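A.B. asks: Below: sequence and its predicted model.
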Amino acid sequence: MVSQKSYKFTFVILIVVLLVLFLVNISLGSISISSETIFESFFTETSKLSSQEYIIQNYRLPKAITAILVGSGLGISGLLMQTMFRNPLAGPFVLGITSGASLGVALVIMGASVIGGVFASVLSSQWSLVIAASLGSFIVLTAVLIVSSRVRDTMAILIIGLMFGSITSAIVSVLSYFSSAESLQQYIFWGFGSLGDLQWPEVRIFLLVYIIGIVFTIISIKSLNSLLLGESYAKSMGLNIKKSRLIIILATCLLAGSITAFAGPIAFIGLAIPHMTRQLFNTSNNKILLPAVFLFGAIVMLICDSIAQLPNSDYTLPINAITSLIGAPVVVWLLVKKRRMIF
Amino acid sequence: MKNGIILFFIIAFIACKEDKGIRKPLPPLNKTDNNNIAYAEGFSIEDNGNFSVLEIKNPWPKAEETFKYVLITAEEAAKTTFMRDAYDGIIIVPVENIVVTSTTHIPALELLGVEETLKGFPGTDYVSSEKTRARIDSGLVRELGKNEGLNTEVLLDLNPNVVVAFGVDGKSKSLEIIKKANIPVIYNGDWTEKSPLAKAEWIKFFGALYNKNEKADAIFNSIENNYSEAKQIAAKATNRPTVLSGAMHKDVWYLPNGSSTEAQFLEDANTNYLWHDTTGTGSLALNFEVVFEKAKSASLWLSPSYYKSLEDLKNANAHYTEFEAFKNNAIYSFSNTTGKTGGVLYYELGIARPDLVLKDIIKISHPELLPDYQPFFFKALD
C-alpha cells in the first residue's frame, strides 16, 4: 500500500503536468504562433486583437478549457457509474447515458426538421442542446435503473443498459431517415465530437452545469465509499440508498449530458480514465480517486486534443478517433502489465 | 423465398415477351467519328445510321466499368436481333416514359421540351422548377421515396422505358431489382465531370434518349457561347477580389479545392480564390485557425454552407463575425433561392446553366461589368 505522503507527491506532479500540458496545448495548432504573441494576447483588448491573438484568445483558450472539462467530467462520471454499479465495465457510454444524450440531441436537431416550424426556431439555441442531452441521458439512465432494480446480476444491468442504447439508436435511425440532408449532416458532425466549437458564452454555460455536477459528486463521496462494499453494507451503515443513488445519477447526467451536448459523444474516456487512475494510485478511496481522476482525465484529454490538432498542418482529426486510438491500447497494456484489474 | 419465386416468374415472363419479333442481327458497329462531345469525358454517343451506342465511362468516381447502351427506334428494333450480352441495355428511342433520380436531370428534360415524359421521381419536394412542380402537384409524377432506397414496387408499376440514375459506387440494390425486371437503368455521371461546361454538356445525353440530338447541340452551343462571352467580359476587370468560400461544421472548415468546378467558376469570373492552388477530389477540410489567418480580410465570401442569413451564421459560430466579409455584408449564397417546396434552385439548375452561375459571380465581384444583370442564384445574406 502506498502511503498518504507519496499520494501528495503524485498529486503535485499531476498538477504540474496539467499546467504544462495546458500551455503546450495553447501553443500548438495549425498555424505557428510565437510565445510572445501568446503571452501578449492575454493582455490585448478584445477590439484590438490581431488575427493570431484572436486565435489564442477566442479559439485555443476556450478549446483547452473545454478539453479539461470534458476529460475530467467524463472520468468522474465513469468513476461514479463504476462505483455505483460495482462493475468495472460501467461507464457513461456502456450504460446508455451517452446514447440517451444522443437521442436528446437528435430530437432537437433532426426532430425539429421533421416537425418543423416554431418548434425548430425555439430549439435551435445551444441551451436547448444541453437541456435535451441532459434530459435524454437522465431518462435513459432512470429507465435502466428502474428495470435493473428488479435484477440483482450486474452483468444483466449492463446488458439492459446496452439494450436501452440500442432502442435509442433505433429511434435516431428513424429520425434520420425522415430528416433533411442538412440536419442529418449536422447530427453526423456532432457525432464526430469536437472541442473547438465552443465560444466563451457557451464555455460559461458549460462550466456552470459542470460545477453543479461536481458539487453533487462531492456531496456523494461518502455514500460512494459505503457503496463500494455493497448495498446491504451501505444500508447497515445508515445510508439512504435511494437518495444517494438519485444524487449520483444527477451528478452523472449533468456531467456526461452537458459534455455530450457541447462536445459530442466522446468515446472511451469515461470508461478508461478511472481504470488508468486506479493503476496509478492503487486505492479505492473515492476521496483520493475523485481529484486524481479529475487531474488524470484533464491531462489525457489535453494530450488527445494536441494530437488531434495535428500541429503545423492544415487539418484536424475528429477528437473521438484520437481518444479511442490512443486510450484503448493504453488500458490493455496497463491491464496486461499489472495482470489484474484493480477495482 | 416465396417472393423470390414469384419475382423469378415475373422476370422470366417479361424476358420471354421481349424476345419476340426478332428478325436480323444488329450490324457490327462502325467506328464513325460522329462523337460530338467537346468537354464531357463521362459519356460518348456513336451514331451508326440506324442506331447509336451510348457509352457511359465515368458513372462514379474511380469507376472501373463502362456501360454501353444501344439506342434504337422501335421501327429499326423490329427488324433487328440484339446481342443482349454485349450491351447493358437496349433502349427504344424516343423515350416515352422516364424516371430520373436527381434534380439536375430535370432542367435537361425541360430545355428539350419533354418534361411530360417524366413519370416518377424520388423526393419530389426537392424539385423547384415551376413546370415540373405543377405536374407533381397534379399527380402526374409519382413520388418514389428516397434515392438510396427507391420504392421498387411503385417504380415497377410505372414501368418506365428507362431509369436515369446516378450512383455513388454502383451498388444500389433497388436499381439491381429494376434492371432484373428488364427496365434499363442508365447512370448519369454529370456530377463527376471536371468543368462547368462538361457538366452542362450532359444535355446531349438526354438529347440522344429523345432523338433530339440537334436540339440538344443547339441548346448547349448557346450556353457555351454565353459562358465564353461572360468569361471575356470578366477578363476586362482590373481588380481581382479575394474570395473565401464554405463554412464550418464544428471546428472544421469545408471549402472547395482549387481544381473543383466551384473554383473554376471563381477563376473564370476573374477573382482571386484564396485556395486556388490546391488540388484534389472532394473538398478541403481545414482547421479554423488556417482559414481565419488566410481569409480574415477576404473581400468576398461565397456559399457559406446552408446558412440563410447573417444572424444564422452568427448564431452558429461567433467566429464568423470576425471576418471582414461578414462586417462588410459581402456574403453571398444561393440558399435563399428556393422553389415552392424548399428545394434549392442552384442544385437543380446550376449544372445545366453554368452561364448563369458565372454571370452571377461576375456581377457580385465586378458589378460595374454587368450593370443591367440581375443575379439568378446568388443573393447577399442579410
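C.D. replies: Received it, and whenever you're ready, just let me know what you need.

A.B. asks: what are the phi and psi values for residue B:46?
C.D. replies: Backbone geometry at residue B:46, expressed as degrees, to the nearest 10, gives phi -100, psi 120.

A.B. asks: what's the nearest residue to it if we skip its chain neighbours?
C.D. replies: The shortest distance from residue B:46 to any non-neighbouring residue, by Cβ to Cβ, 6 or more residues apart in numbering or on different chains, is to residue B:53 (4.6 Å). Where you see a C-beta, it was placed from the backbone N, CA and C, and this is true even at glycine.

A.B. asks: Next: residue B:149.
C.D. replies: Nearest one to residue B:149, counting by Cβ to Cβ, 6+ apart, is residue B:174 at 6.3 Å.

A.B. asks: Where does that neighbour fall, secondary structure wise?
C.D. replies: Assigned by DSSP states H and E, residue B:174 belongs to helix B:173-180.

A.B. asks: And for residue B:285?
C.D. replies: Per DSSP H and E: strand B:283-287 holds residue B:285.

A.B. asks: Now tell me what touches the strand or helix carrying residue A:222 from outside.
C.D. replies: Assessed by DSSP H and E, residue A:222 sits inside helix A:221-227. Residues outside helix A:221-227 that contact it (Cβ atoms under 8 Å, 6 or more residues apart in numbering or on different chains) are A:80, A:83-84, A:86, A:233-234, A:237, A:239, A:244, A:247-248, A:285-287, A:290.

A.B. asks: quick one: which of the residues you listed sit in helices?
C.D. replies: A:80, A:83, A:84, A:233, A:234, A:244, A:247, A:248, A:286, A:287, A:290 (DSSP state H).

A.B. asks: mind checking how far the fourth one is from chain B?
C.D. replies: In other words, residue A:233. 46 Å (Cβ to the nearest Cβ, to the nearest Å).

A.B. asks: Name the helix or strand of chain A that has the lowest mean pLDDT.
C.D. replies: Within chain A, no helix or strand scores below helix A:118-122, which has a mean of 48 by mean pLDDT, DSSP states H and E.

A.B. asks: contacting residues around residue 318?
C.D. replies: Just so you know, I chose chain A. Taking Cβ under 8 Å, 6+ apart, one finds A:192, A:193, A:194, A:308 in contact with residue A:318.

A.B. asks: actually chain B
C.D. replies: A:58, A:199, A:201.

A.B. asks: now residue B:60
C.D. replies: Per Cβ under 8 Å, 6+ apart, neighbours of residue B:60: B:166, B:167, B:168, B:169, B:170, B:187, B:189, B:192.

A.B. asks: To which secondary structure element type does the fourth one belong?
C.D. replies: The reference is to residue B:169. coil (DSSP: H, G, I helix; E, B strand; the rest coil).

A.B. asks: count of residues packed around it?
C.D. replies: Residues lying near residue B:169 (other Cβ atoms under 10 Å in any protein chain shown) number 10.

A.B. asks: Now do the same for it: its pLDDT.
C.D. replies: Listed pLDDT for residue B:169 reads 77.

A.B. asks: for the residue lying closest to it once chain neighbours are set aside, phi and psi?
C.D. replies: Using Cβ to Cβ, 6+ apart and skipping the chain neighbours, the partner closest in space to residue B:169 is residue B:60 (5.8 Å). With angles defined as degrees, to the nearest 10, residue B:60 sits at phi -150, psi 160.

A.B. asks: Test for you: state the pLDDT assigned to residue B:60.
C.D. replies: pLDDT recorded at residue B:60 is 87.

A.B. asks: Next, work out how far apart it and chain A are.
C.D. replies: Residue B:60 is 19 Å from chain A, by Cβ to the nearest Cβ.

A.B. asks: low pLDDT regions in the chain?
C.D. replies: Picking chain A for this. A:1-5, A:94, A:112-127, A:130, A:152-155, A:338-343 (pLDDT under 70).

A.B. asks: sorry, should have said chain B
C.D. replies: B:1-35, B:82.

A.B. asks: what does it have sitting close to chain A?
C.D. replies: Applying Cβ under 8 Å from any Cβ of the partner chain, we find that chain B lies next to chain A at B:146, B:248-252, B:284-290, B:292-293, B:296, B:306, B:315, B:317-319, B:322.

A.B. asks: Just the residues you listed: which are in helices?
C.D. replies: Using DSSP H, the residues of chain B next to chain A in helices are B:288, B:289, B:290, B:292, B:293, B:315.

A.B. asks: dump the residue contacts of the third one.
C.D. replies: Which is residue B:290. A:30, A:31, A:314, B:253.

A.B. asks: what ranges do the strands span in the stretch 151-300 of chain B?
C.D. replies: Using DSSP state E, counting those that start in this stretch, the strands of the stretch 151-300 of chain B run over residues B:162-165, B:185-187, B:242-245, B:247-249, B:252-256, B:272-273, B:283-287, B:300-302.

A.B. asks: The first one: partners in the sheet, and parallel or antiparallel?
C.D. replies: This points to strand B:162-165. strand B:98-100 (parallel), strand B:185-187 (parallel) (DSSP bridges).

A.B. asks: Please apply the same query to the last one.
C.D. replies: Based on DSSP bridges, the strands next to strand B:300-302 in the sheet, each with its direction, are strand B:242-245 (parallel), strand B:331-333 (parallel).

A.B. asks: which residues are in contact with that strand?
C.D. replies: By Cβ under 8 Å, 6+ apart, strand B:300-302 touches B:241-245, B:266, B:271, B:295, B:323, B:325-326, B:330-333, B:361, B:364-365, B:378.

A.B. asks: do the same with the fifth one
C.D. replies: By Cβ under 8 Å, 6+ apart, the list of residues contacting strand B:252-256 from outside reads A:189, A:194, A:316, B:244-248, B:262-263, B:275, B:283-288, B:290-291, B:305.

A.B. asks: Report the closest residue of the stretch 1-150 of chain A relative to chain B.
C.D. replies: Taking Cβ to the nearest Cβ, chain B has its nearest neighbour within the stretch 1-150 of chain A at residue A:30, 4.0 Å off.

A.B. asks: The residue lying closest to residue B:207 once chain neighbours are set aside: what's it in contact with?
C.D. replies: Nearest residue to residue B:207, sequence neighbours excluded (Cβ to Cβ, 6+ apart): residue B:216, at 2.5 Å. By Cβ under 8 Å, 6+ apart, the residues touching residue B:216 are B:112, B:203, B:204, B:206, B:207, B:208.

A.B. asks: Need the nearest residue in space to the fourth one, chain neighbours excluded.
C.D. replies: Which is residue B:206. residue B:108 (4.2 Å).

A.B. asks: Please state the backbone phi and psi of the one you found?
C.D. replies: Main-chain torsions, residue B:108, degrees, to the nearest 10: phi -60, psi -40.

A.B. asks: and it, how many neighbours?
C.D. replies: The burial count for residue B:108: 27, using other Cβ under 10 Å.

A.B. asks: Identify each buried residue in stretch A:236-245, please.
C.D. replies: Residues A:239, A:244, A:245 are the ones in stretch A:236-245 that count as buried (16 or more other Cβ atoms under 10 Å in any protein chain shown).

A.B. asks: tell me which of the contacts of helix A:221-227 is nearest to residue A:172?
C.D. replies: residue A:80 (25.2 Å; Cβ to Cβ).

A.B. asks: was I right about the closest one contacting residue A:219?
C.D. replies: No - using Cβ atoms under 8 Å, residue A:80 is not in contact with residue A:219, being 11.7 Å away.

A.B. asks: Of the ones in helices among the residues of chain B next to chain A, just the buried ones, PyMOL syntax please.
C.D. replies: Selecting only the buried entries of these in PyMOL, with 16+ other Cβ under 10 Å as the criterion:
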select buried, chain B and resi 288+289+290+292+293
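
A.B. asks: out of the ones in helices among the residues of chain B next to chain A, who's nearest residue B:121?
C.D. replies: Nearest to residue B:121 among these: residue B:315, at 33.8 Å, using Cβ to Cβ.

A.B. asks: For the closest residue to residue B:380 other than its chain neighbours, list each beta-bridge partner.
C.D. replies: Leaving aside its sequence neighbours, residue B:380 sits nearest to residue B:332 (Cβ to Cβ, 6+ apart; 5.5 Å). Applying DSSP bridges to residue B:332 gives these bridge partners: residue B:302, residue B:380.
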